[in-house]
Structures are given as structure tokens and as C-alpha cells.
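Trainee: Coordinates for the following, if possible.
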Amino acid sequence: MLLNRTTAFALAFLSLPAALAAQDAVSDDDPYVWLEEIQGERALQQVEKWNAETEAKLTGEPEYAIAQAWARQILDDERQIAMPTAIQGDQVTNLWRDKDNPRGLWRIASLDSYLSGTPEWRVLIDVDALGKQEGESWVWHGANCLAPEYTRCLVSLSPGGTDADVVREFDVTTGAFVEGGFTLPAAKSNVAWFDADTLMVGTEYGAGSMTDSGYPRQIRLWKRGADLAEAPQLIEAEQQAVSAGAFSILDGTTRWRFVNVSPSFWTNRVSLVREDGATVALPLPEDADFQDVLGGRMIAKLNSPLEAGGATFAAGSLVSWPLAEIAAGSDAAPSLVFAPSASQALEEVAASQGNLWIKLLDDVSGKLVALTPGASGWTAEEMALPDSSTLSLAAVSGSSDLALVTVEGMLTPPTLYAATPGAEPRVVDSMPAQFDASKFAVEQRFATSKDGTKVPYYIVRPKGAEGPLPTLMHAYGGFRAAQTPKYLTAEPYRSGPLALFWLEEGHAYVLANIRGGGEYGPRWHEDALREKRQNSFDDLHAVAEDLIANNLAVADGIGISGRSNGGVLVGAAANQRPDLYAAVISGSPLDDMKRYHKLLAGASWMAEYGNPEVPEDWAFMKEWSPYQNLRAVEGYPATFYYSSTLDDRVHPGHARKMAAKHEALGQTLYFHEYREGGHSVGADHAEDAKRAALLLTFLNRELAKID
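Mentor: The predicted model follows:
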């Protein structure tokens, strides 16, 4: 029987001032707004105090040092797969991180040597050495290399892991940054190649050049050697829009260029850019998702039904339009590429030389399909990969029909396959087992939510275990992001091997596929949008109650975990059902829904949650906003917040203000804010390993207390 925390918390509540205990759940008064000053002296002093208190509680426990060392060993294991970041003609690139290279080596090898299993790497950029040389804490944020030569790249480096990047032009042939080449200072920039001497650039140009969400409003055509401030403008977004962006795609020998304005997080107005810089609007519905170009046809995924050209296309389908007709100003009719079944959802789409690769979810199990265009339509070929697995398209070649895909499960380490149409996929590399999987059993189950919806979830328990176990449940429930089961050394996301450590101690781990994600396509997401948000909370409660009903857990023995949007989830869930959960892990959380749209990128998410300044929206938001609804209740679950000072996406003030309110209410609080790492929190494996160890020790203290 798990210990009940009600008695201990009740004593703390009795000492609260009456005004605080009776605080209205939706009061506009915010005594902790000073914690929103990210680098404020008073705010950082409070952060350091909470950090010290949390470390004092947890780092002295015997399991902490063991877990930290084990996590670091797993994360730095040199037997990991050298995952491809891109296939570039006859070469492949990779970012390699280990104990000696915590920020990574960006390197390149021939595709043939890579596929043979013995890649011959050449280091292009040593991120750690570059940081030391330049006195910067650089975090790698990728490279955009110009096809088909792939010799010139736009390298993005982030100071401390923020979303803002420095962009520099790099020459792969010489292995050096281009002297006098294209360079942009740190900003939330959007940059794409127009040609070898011209870029399409969205960045901070000065006052009024960024949207209310903090992203570029203008896309300019910047020629080499010209003054960026005087570059001609291709497109400009409204001030209240989310962003403007640009991208280009090489389709055979044709380079197609596009610009886009995102009026909201879920809508886009995409235009084709001609050689002369003129733009032509695409006939895409605003809520459709542009995917790729193949054989002169633009490929897009529909998120609502479309009637066009005398045909009706269902939501969730892939459709295509002829780009040449659009460029010529003709009315172009769409045609069907692929329509998923009711149990399926399209998750990833990428074009190779002559095929379109799609990764499907079928009841949250991955499948890889190659689509080949023909005179009578598209033919589909499913690749023979392991069933009941999570698949990820790692890289696709533009000069052949090769796709590199990883396959993994909770008990099965990732394996990288090379797939080509008409052939059996072959293994390129595989991560060795990090633990004895024979000790555990995985099962997919379905809970019934409040409105009757069947909600899938995965549960892992020690094999042969009977009766209820302390259970950690992770979920997300937003932004069409499906939660698929990964190898246990990476579950839950951004918490390193936490789930593995928890299971090794004889407990249980659950991954819940609640509404708001993309597990079943657009409908699964739409069922938790805005005024329907309560459905995602009800789904989480339903999974917990299903565990209890099936004697797999007890109400005082379930912990919940979520990060980012998952912070809304676990905060609302704990407020609504403190009787159901014993511990909460909230990472980089979104919590204050009254002010979220005024903090960093928050305004970009109003299409997901609502606008609190619109009374009709606040009427439903105030019912579940975690910060406004946190109050004195008996038995409130102990809560651990982790975040980053340099998170420039979700403001660290959310976690800070929740912590302050918990503290004032006398509720059990743990808090750890990293000074670097951005929204991802950990800038390197050392921080990731520390977080995993802190969270395990927290769970042992607050969830695994067996009477």
C-alpha cells in the first residue's frame, strides 16, 4: 500500500493566510510576475535558491550517483549509431557526440563507405573546439547545403542552445568558413538558398521586422556582396501573424523556390517564387501541410476535406498539384496520392529521386511505404520492416531512391535500415542492447475516455509482475505530435534513460497516446484544440483509471510526466485530480495561460489554445490554466519543474511562477533550472545525465514510497 500524503500537506495548509487559501482561480493579480524577468538579479537569486534546495534533497541519495554515472555511460556510448543528418549526393553527414565531444563533431563520409558499415569520416567542424576558440558556448543547430554540389552550406550555431542562431557560410571542400561569405548575427532567422550567390532571408532587420510571436516578418532576396538592409523584399507577413519563411527544393535538375506566411500556427499561405523574384500563390488550402516536390508535382497533406477539380479528398490524405501549370498562371487541379485508413495517420513524407516515401502510423505502430508515380496513378509498396515498432525517416537521397530509416521499440534498440523499392531493406547499423530486455514485457492497451473515445497506451512492467506497481506515465497531447514508443534509454523525451532506471527498480512505465497529438491524423488533434482541450486531460485521467481498474496501479501510486505543451497537460491534470496522481514531472512547461501569449513565442500558439484577451476564449481557458487553478487542496502531488534560463521559446517564468505559488501554498516542490540548453534544456550529455538522476531520485522519494 502506497503512503498517503494528505495528512502532511493538511498541516501546511492550516498555516496559510486566509486570503491566499481563498485566492480566486482566475484572478488577474499576479504577485510573482517579477519572476518573468529572465536575467533579473532577484529572479536568478530565487532560481539559485530553489536549485540548491533541490540538489541538497536529491544528490545525497545513494541512487543519484549511480544513476548519473549510468546515464552518462548510456548517452556517451560510442557504439551508438552514427545517424545520418543528410544524404548529400554520394556522401552522408553526421553529428557525433560522445564524452570527448559533448557538443559534437560535424563530419562527412562517402555514402558507399557508410552503407558498408565502415564509414571513413572527415571532420568538418569540431563544435567544442570552435566554441573554445571563439569563447562561445556553441550548440549545433544544423546545416543547409546547396544541392546538387553540396559544397557550400549555411551552418547554424546557437549560443547556449537558444532558438536564435548565428548563420555562417561554410565550404565543405576546404573545411573552413567562407571568408567574406554570407553571415547573419544571432536571431531567429529563416534562410534558404535561391542560387549559389543569392539567399532568401528572414531575420531581424530592426524595429517592426519581427512578428508579435518573435519570428521574421519579411523575406528578402540577398545577393552576395550586397547590403542586406537594402535587399529587395519578396514577401511580408502581418504583424500579428506567426512568421514568414522561405525554402527551396531541388527536383531532378529543377530548383523550386517558395516563400510562406503563417497567419497562425496551423495555417500557411505558400507562394512559388519565379526566377525573376515574382511570386505566384499556390492553390493549397491554408490548413494543408506542404510536404515535398516530386516530378514537378507539389505534394501536400490535407488537414480538412477538400473539394476541387470535381473530386473530394478526405482529411489526412496526400494530394499533388502540377507546379509548371501554377507557375504559368493556369488553374491547376489536385490529384490523389495516398489516402490512409481510419486507423492510420501520415507522419513523415519525403521525396527521393523517383519515389515518395511515407511513414505511417497504424494504431501507433510504424510502417514505411514507397509510392511510385505512374500514368494511371501511384502504386504503393510497403517495406518489410519489423511490426509493432517506431519508425523514423533518418535521410532520403535526392539522387537515387534510397531511404535510411530507423526501427526501434521500447525493448528493442534502434536499427538503421537502407530501403529501396523492390528490395528487402538491409541493416546498415544497430545499437547494441543497453539492458536485459527479457526482464520486461510491453503491452498496448486501450482506455475509454469520458466521451467514449478509445485511447491507446503502452505499458512496460517487469515480466511476471502481479498487482499494482508504482507507475510513471508520460504524455504530450498537442500540436499534432504523436508519441511513439522509443527504446527505453530515451524515454521519456528529454529525460534520458529515466524510464529504464524506473523499470530496473521494479516499477512500471506508461506512454499514453492522448488526443491533441497526431496518432490518428487531423481528427485526433482537432479533438483537443481550444475549447476541446479538456478532452486531452480526460484522456490522461482515463488511462490512469484504466490502470487502477485492471489492478496495475493504485491512485496514490501514479506519477505523470510532460514537457513543453505537456506542462499544460500535467499541470491541469494535477489540479483537476490530485487524488489520482502522486508525483508530477513538468519540463520546460507552459502554465500561465493568462499571459502566455505575451511571453516569448507564446503568441504563435493561440490557434492551439485560444486568445486569453478574447472573453469567449478565456471562458474555457480559465477552466484548465495550470497557474490560475493551482490552489490549496489536500494531498496535492509533489511536483518537479525542470527548465532552462536560455529557453527562448517557452518562457522560464512559467515554471518559476508555478514554483513560487507551490511554495506559498506549502506544497512539496522540486525545481531545477539549467543556465543553458534552450528549450531542449540539456546542452550536452552531462546535463542530460544529471537530469535523469535527479528525476529518478525524486520519483523514489515521492512515488515509490511503499508502506
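
Trainee: for the protein, what are the low-confidence residue spans?
Mentor: 1-28, 706-707 (pLDDT under 70).

Trainee: what about the residue most central in space within the chain, helix or strand, and which?
Mentor: What sits nearest the mean C-alpha location of the chain, by C-alpha atoms, centre = their mean, is residue 481, with 7.3 Å. Assessed by DSSP states H and E, residue 481 sits outside every helix and strand.

Trainee: quick one: contacts for it?
Mentor: 517-518, 565 (C-beta atoms under 8 Å, 6 or more residues apart in numbering). Yep, even glycine has a C-beta here, placed from its N, CA and C like the rest.

Trainee: Mark which of those residues are buried, thanks.
Mentor: 517-518, 565 (16 or more other C-beta atoms under 10 Å).

Trainee: I'd like those residues written out as TSV, with distance to residue 555 and secondary structure added.
Mentor: Formatted as TSV, those follow (distance: C-beta to C-beta, whole Å; DSSP: H, G, I helix; E, B strand; the rest coil):
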residue	distance to residue 555	secondary structure
517	25	strand
518	30	coil
565	25	helix
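
Trainee: and which of the residues you listed is nearest residue 318?
Mentor: residue 518 (14.5 Å; C-beta to C-beta).

Trainee: on that earlier part again, just give me the closest of the contacts of residue 481 to residue 145.
Mentor: Comparing the contacts of residue 481 against residue 145 with C-beta to C-beta places residue 518 closest, at 29.0 Å.

Trainee: ok, the closest one to residue 100 distance?
Mentor: According to C-beta to C-beta, to the nearest Å, residue 518 and residue 100 sit 37 Å apart.

Trainee: just residue 270 next, same as before
Mentor: 43 Å.

Trainee: One more: residue 623?
Mentor: Residue 623 sits 51 Å away from residue 100, taking C-beta to C-beta as the criterion.

Trainee: Between those two, which has more neighbouring residues?
Mentor: Taking other C-beta atoms under 10 Å, residue 623 and residue 100 do not tie; residue 623 has more neighbours (17 against 10).

Trainee: How much space separates the residue nearest to the more buried one when sequence neighbours are not counted from residue 428?
Mentor: Spatially, and ignoring its direct neighbours in sequence, residue 623 is nearest to residue 534 (7.2 Å; C-beta to C-beta, 6 or more residues apart in numbering). Distance of residue 534 to residue 428, computed by C-beta to C-beta: 45 Å.

Trainee: These two: which has the busier surroundings?
Mentor: Regarding residue 534 and residue 428, a neighbour count based on other C-beta under 10 Å identifies residue 428 as having more, with 21 against 16.

Trainee: Surely that one is in contact with residue 416?
Mentor: Yes - judged on C-beta atoms under 8 Å, residue 428 makes contact with residue 416 at a distance of 4.6 Å.

Trainee: and for the two, which residues touch both?
Mentor: With C-beta under 8 Å, 6+ apart, residue 428 and residue 416 have common neighbours residue 404.

Trainee: Name the residues of stretch 688-706 that are buried.
Mentor: 688-705.

Trainee: Which residue ranges of the stretch 601-707 of the chain form helices?
Mentor: 606-609, 615-621, 626-629, 653-665, 685-702 (DSSP state H, counting those that start in this stretch).

Trainee: Among those helices, which comes closest to residue 404?
Mentor: Using C-beta to C-beta, the nearest of these to residue 404 is helix 685-702, at 23.7 Å.

Trainee: With only the CA atoms kept, save that closest one in CSV.
Mentor: Provided in CSV are the C-alpha atoms of helix 685-702 (Å, rounded to 0.1, in the frame of the first residue of the first chain):
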residue,chain,number,x,y,z
HIS,A,685,25.1,14.7,-22.2
ALA,A,686,26.4,15.8,-18.8
GLU,A,687,23.3,17.9,-18.2
ASP,A,688,21.0,15.2,-19.6
ALA,A,689,22.6,12.6,-17.3
LYS,A,690,22.2,14.9,-14.3
ARG,A,691,18.5,15.5,-15.1
ALA,A,692,17.8,11.7,-15.4
ALA,A,693,19.4,11.1,-12.0
LEU,A,694,17.6,14.0,-10.3
LEU,A,695,14.2,12.8,-11.6
LEU,A,696,14.8,9.2,-10.7
THR,A,697,15.7,10.2,-7.1
PHE,A,698,12.6,12.5,-7.0
LEU,A,699,10.4,9.6,-8.1
ASN,A,700,11.9,7.3,-5.5
ARG,A,701,11.2,9.8,-2.8
GLU,A,702,7.7,10.8,-3.8
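
Trainee: and that helix, what does it pack onto?
Mentor: Secondary-structure packing of helix 685-702 (3 or more C-beta pairs under 8 Å, 6 or more residues apart in numbering; DSSP states H and E): helix 41-58, helix 62-75, helix 498-504, strand 583-587, strand 638-644, strand 669-674.

Trainee: Of those, flag the one that's most buried.
Mentor: Neighbour counts (mean count of other C-beta atoms under 10 Å) averaged over each of the helices and strands packed on helix 685-702 peak at strand 583-587, with a mean of 28.

Trainee: Are we agreed that residue 525 is in a helix?
Mentor: Yes - counting by DSSP: H, G, I helix; E, B strand; the rest coil, residue 525 falls inside a helix.

Trainee: Contacts only, for it.
Mentor: Taking C-beta under 8 Å, 6+ apart as the test, what residue 525 contacts is 478-480, 515-518.

Trainee: Quick one: which of those residues is the most crowded by neighbours?
Mentor: residue 516 (30 neighbours).

Trainee: in the stretch 301-450 of the chain, which spans are strands?
Mentor: With DSSP state E, counting those that start in this stretch as the criterion, the stretch 301-450 of the chain has strands at 306-308, 311-313, 318-322, 335-338, 344-351, 356-362, 365-374, 377-382, 390-396, 403-408, 415-419, 426-430, 440-448.

Trainee: list the buried ones in the fourth one?
Mentor: Of the residues in strand 335-338, those buried under the neighbour-count criterion (16+ other C-beta under 10 Å) are 335, 337-338.

Trainee: Could you single out the nearest of those to residue 467?
Mentor: Looking across these and measuring by C-beta to C-beta, the closest to residue 467 is residue 338, at 45.4 Å.

Trainee: What's opposite the residue lying closest to that closest one once chain neighbours are set aside in the beta bridge?
Mentor: Computed as C-beta to C-beta, 6+ apart, the closest residue to residue 338 that is not its neighbour in sequence is residue 318, at 4.4 Å. Per DSSP bridges, the residues bridged to residue 318 are residue 301, residue 338.

Trainee: so residue 318 sits right up against residue 300, yeah?
Mentor: Yes - contact criterion C-beta under 8 Å: residue 318 and residue 300 qualify, at 7.3 Å.

Trainee: Please enumerate the shared neighbours of these two.
Mentor: residue 291.
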